[in-house]
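**Q** Model the following, please.
(chains A and B, ligands or ions: 2)
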Amino acid sequence: MSALAQPHPASRTGAAMRRLVVALTLFGALLVAMPFSRSLFAWLFPRLERPLYEQHGFVALVLAHLGLVAASGLCAVIVGMGAAIFVTRPAGREFRSLIETLTAIAQTFPPVAVLALSVPMIGFGFGPAFLALALYSVLPICENTISGIEGVPPSAMQAGEGLGMTPHERLFRVELPLAAPIILAGVRTSFSINIGTAAVASTVGAVSLGAPIIIGLNGNNTAYVLQGALLITGLALVVDAAFEAIQARLQRWNAG
Amino acid sequence: MIRFSGVSKAYGSLSVIEGLDLEIARGEFCVLIGASGSGKSTVLKLINRLEEHDSGEIRFAGEEIRSFRPEVIRRRMGYAIQSIGLFPHWTIEDNVATVPRLLGWDELRIGRRVDELLALLDLDAVRIRRAYPHQLSGGQQQRIGVARALAADPDVLLMDEPFGALDPIAREGLQAEIARIHRATGKTIVFVTHDIDEALKLATRIVLIDKGRIVQAAPPREVLSAPANDFVRDFLGREDHGLKLLSVETVAERMRAGETAPANGSIGAGDNLRHALSKMIATGAKRLSVTGSSGEIVGTLHLSDIVG
Ligand SMILES: Nc1ncnc2c1ncn2[C@@H]1O[C@H](COP(=O)(O)OP(=O)(O)OP(=O)(O)O)[C@@H](O)[C@H]1O
Ligand SMILES: [Mg+2]
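**A** Ligands and ions are numbered 1, 2, ... in the order given. Coordinates of the predicted model:
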């Protein structure tokens, strides 16, 4: 009997976890230090009367921002994955091109346009922002779920069927787990984009880290813009590191 | 155990199986053999309902197979597929445990069963249990495929070229193991191959298939001694037909029992005559001592016993 191949090095998981810890620590430090940074920004921008954004607490802004991204992302995951699963079943095959067209249209629509159009219909605030972000994320998630499911080795599918798994068991034990890394890559892409896009949501009155930026731009307060941008960047790094950590764990079984 | 009566199957306009009549008895080791595309895999898939037959009737344990839910019948039949098809995201342990988990066995029983199977297939459980399929060699993966098929102790084993990816040595080892498993458990095995030597070695009955029809269905010796037609003769290989005849007879059947004076070489009583002849040619000995299971001399085999 030949020797076992090298066990897969846990290095990717380890590196990803370390990166997550570093990103979290830096972001936490930034968040804690921000309210005490008035003198720093006063020194950087001596002509500003109010160098530190104080309309909302920074922690509240971060939570609201994250809440908006997570809620819309979760909605997009449910809709996008649901649609992808449906069109890869025998019963839904004929709806495949329809779904693909719909999600493609949803993505060509710029989020700003969705914001502008939905305000007259559902008013200001969280609603239009949620809608714009969710719509925008459906495509990458749906598309990746479809290609993930189609990438499942036919031999594994045949084995699952031949060993007596029901269609339901095949979906949850074989197809989705094997497609998971690709699905997660789609979720990661849309979350990353949405963390940036959620800033725009403040133009329609949703609370997010975009608030200091928009107010800063309106009032020529570069310090506000910088504070908002710093926190958004930090948050984006944390979320990305978190996804990397999950992906690394998922791919333990992979040769790569 | 499994009975085909007038079964036909077509893919679109391509007729693959035509009017198949075949009864596979309980405990039989039935080997389906034929050229590529002759419909061997399709016959297996008809048995576990991966494919539905168009006409005729297939019965399993006396019941028309359509009266079973497909999942139920498949879990009662171990299936080793041609392309192995291990689940890449599961450890070896989880792969082997596939059907027991589907059947809801408790984890303790599953763990014991996995150990038992890995040992049966000569795999090092400690090292392999938690490995992933990509960490194993092709031969090890094929063993796991066989272990997975055996896991829930099914009544019937369907094996589609299960040793296709193996080198000759590993192949012989696994052939011996499957023959041993068959002897020990008395399972009904339906086995597909396109290797005639494998078929001769393993089968209690060989079913030769050509273009979806049975050309001959008979025990190996009968296929060799009375080939039904030229197609069968060609399949057996005209050149070494005689050697193949020797390969299905054991030394014990031709030896002179009781002649225990030691000769220059020895051969096991259970070995086949082809092996014995080969040994005589290689060593120049015209007679060999025949040894029993514990190594004692039980008789002698002379060259004239083989050729005569
Ligand atoms: N799903 C399918 N759709 C259409 N044709 C098929 C399908 N499966 C098999 N066939 C055709 O049916 C015929 C028999 O196929 P089968 O797989 O049973 O052959 P086989 O004897 O197992 O061959 P091999 O030794 O190459 O595995 C072939 O001509 C093949 O192309
Ligand atoms: Mg085949």
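**Q** what about the residue in chain A that ligand 1 sits nearest to, neighbour count?
**A** Nearest residue of chain A to ligand 1: A:Gln158, at 10.6 Å (C-beta to the nearest ligand atom). Any C-beta I mention is one placed from the backbone N, CA and C, and that applies to glycine too. Applying other C-beta atoms under 10 Å in any protein chain shown, we find 17 other residues in the vicinity of A:Gln158.
**Q** what does B:Glu63 give?
**A** If we define neighbours as other C-beta under 10 Å, then B:Glu63 has 11 of them.
**Q** so what's it bridging to?
**A** Beta-bridge partners for B:Glu63, by DSSP bridges, are B:Phe60.
**Q** How about the contacts made by the residue of chain A closest to ligand 1?
**A** B:50, B:81, B:83, B:85 (C-beta atoms under 8 Å, 6 or more residues apart in numbering or on different chains).
**Q** Secondary structure class of the last one, three-state.
**A** The local conformation at B:Gly85, judged by DSSP: H, G, I helix; E, B strand; the rest coil, is coil.
**Q** that older thread, okay, the contacts of A:Gln158 in TSV with pLDDT next?
**A** Converted to TSV, those look like this (pLDDT from 0 to 100):
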residue	pLDDT
B:Leu50	94
B:Ile81	91
B:Ser83	90
B:Gly85	94
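**Q** which of those residues sit farthest apart?
**A** Spatial extent of the contacts of A:Gln158 (C-beta to C-beta) is set by the pair B:Leu50 and B:Ser83 at 13.2 Å.
**Q** And the strands in the stretch 51-200 of chain A?
**A** Assigned strands in the stretch 51-200 of chain A: none (criterion: DSSP state E, counting those that start in this stretch).
**Q** same thing with chain B?
**A** With strands called from DSSP state E, chain B shows them at B:2-11, B:14-24, B:29-34, B:55-60, B:63-64, B:77-80, B:156-160, B:188-193, B:205-210, B:213-218, B:256-257, B:265-268, B:287-291, B:297-302.
**Q** and ligand 1, which of those is closest to it?
**A** The nearest among the strands of chain B, by C-beta to the nearest ligand atom, is strand B:2-11 at 3.4 Å.
**Q** roughly how far is the closest one from the heart of the chain?
**A** Offset of strand B:2-11 from its chain centre (C-alpha atoms, centre = their mean, to the nearest Å): 22 Å.
**Q** re the thing from before, show me the one of the strands of chain B that comes nearest B:Asp167.
**A** strand B:188-193 (15.8 Å).
**Q** tell me the contacts of A:Arg50?
**A** Applying C-beta under 8 Å, 6+ apart, the residues contacting A:Arg50 are A:Asn221.
**Q** Let me know the secondary structure of it.
**A** A:Arg50 ends up coil, using three-state DSSP.
**Q** And for B:Val232, nearest residue in space, chain neighbours not counted?
**A** B:Gln216 (5.3 Å; C-beta to C-beta, 6 or more residues apart in numbering or on different chains).
**Q** Am I right that that neighbour is in contact with B:Pro227?
**A** Yes. B:Gln216 is in contact with B:Pro227 according to C-beta atoms under 8 Å; the separation is 7.1 Å.
**Q** Can you work out which residues contact both of the two?
**A** Counting by C-beta under 8 Å, 6+ apart, nothing touches both B:Gln216 and B:Pro227.
**Q** ok so, going back, can I get the contacts of A:Gln158 in TSV with neighbour count and distance to B:Ile58?
**A** Formatted as TSV, the contacts of A:Gln158 follow (neighbours: other C-beta atoms under 10 Å in any protein chain shown; distance: C-beta to C-beta, whole Å):
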residue	neighbour count	distance to B:Ile58
B:Leu50	18	13
B:Ile81	26	19
B:Ser83	16	24
B:Gly85	25	23
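**Q** got those residues as TSV, with distance to chain A columns?
**A** As requested, the contacts of A:Gln158 are exported to TSV (distance: C-beta to the nearest C-beta, whole Å):
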residue	distance to chain A
B:Leu50	6
B:Ile81	6
B:Ser83	4
B:Gly85	3
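**Q** wait, which of those residues is closest to A:Arg249?
**A** B:Gly85 (24.8 Å).
**Q** gap between the closest one and ligand 1?
**A** Here the criterion is C-beta to the nearest ligand atom, to the nearest Å. By it, B:Gly85 lies 14 Å from ligand 1.
**Q** Isn't that residue up against A:Glu161?
**A** No. Using C-beta under 8 Å, B:Gly85 makes no contact with A:Glu161, being 9.8 Å away.
**Q** Can you pull out the low-pLDDT segments for the chain?
**A** Since you didn't name a chain, this refers to chain A. Low-confidence segments of chain A (pLDDT under 70): A:1-10, A:255-256.
**Q** same thing but 80
**A** A:1-11, A:106-107, A:109, A:111-112, A:114-115, A:120, A:123, A:251-256 (pLDDT under 80).
**Q** Of all residues in it, which one is nearest the centre?
**A** In chain A, the centroid-proximal residue (C-alpha atoms, centre = their mean) is A:Phe191; its distance is 1.2 Å.
**Q** how close does that residue sit to A:Pro46?
**A** 38 Å (C-beta to C-beta, to the nearest Å).
**Q** I'd like the distance between the closest residue to B:Ala203 other than its chain neighbours and B:Leu44.
**A** In space, and not counting its chain neighbours, B:Ala203 is closest to B:Val31: 3.8 Å by C-beta to C-beta, 6+ apart. Remark: distance between B:Val31 and B:Leu44 (C-beta to C-beta) = 12 Å.
**Q** Find residues that contact each of those two.
**A** Listed contacts common to B:Val31 and B:Leu44 are B:Val192; contacts here mean C-beta under 8 Å, 6+ apart.
**Q** about what we covered before: so the residue nearest to B:Ala203 sits right up against B:Asp197, yeah?
**A** No. Between B:Val31 and B:Asp197 there is no contact under C-beta under 8 Å: 11.1 Å.
**Q** Who has more neighbours out of those two?
**A** Comparing B:Val31 with B:Asp197 by other C-beta under 10 Å, the one with more neighbours is B:Val31, at 26 against 16.
**Q** Could you pull up the contacting residues of the more buried one?
**A** Contact partners of B:Val31, counting by C-beta under 8 Å, 6+ apart, are B:191-193, B:198-199, B:202-203, B:205-207.
**Q** With respect to A:Leu40, which of those is nearest?
**A** Once C-beta to C-beta is applied, the member of the contacts of B:Val31 that ends up nearest A:Leu40 is B:Val192, at 76.3 Å.
**Q** For the closest one, grab the count of nearby residues.
**A** Counted with other C-beta under 10 Å, B:Val192 comes out at 25.
**Q** isn't it right next to B:Met159, touching?
**A** Yes. Shown here, B:Val192 and B:Met159 form a contact pair, counting by C-beta under 8 Å, at 6.7 Å.
**Q** The stretch 101-250 of chain B: helices as residue ranges?
**A** Secondary structure of the stretch 101-250 of chain B (DSSP state H, counting those that start in this stretch): helices located at B:107-120, B:125-128, B:138-150, B:168-185, B:196-202, B:220-225, B:230-236, B:241-247.
**Q** Pull the contacting residues for the residue nearest to B:Val232.
**A** B:206-208, B:223, B:227-229, B:232.
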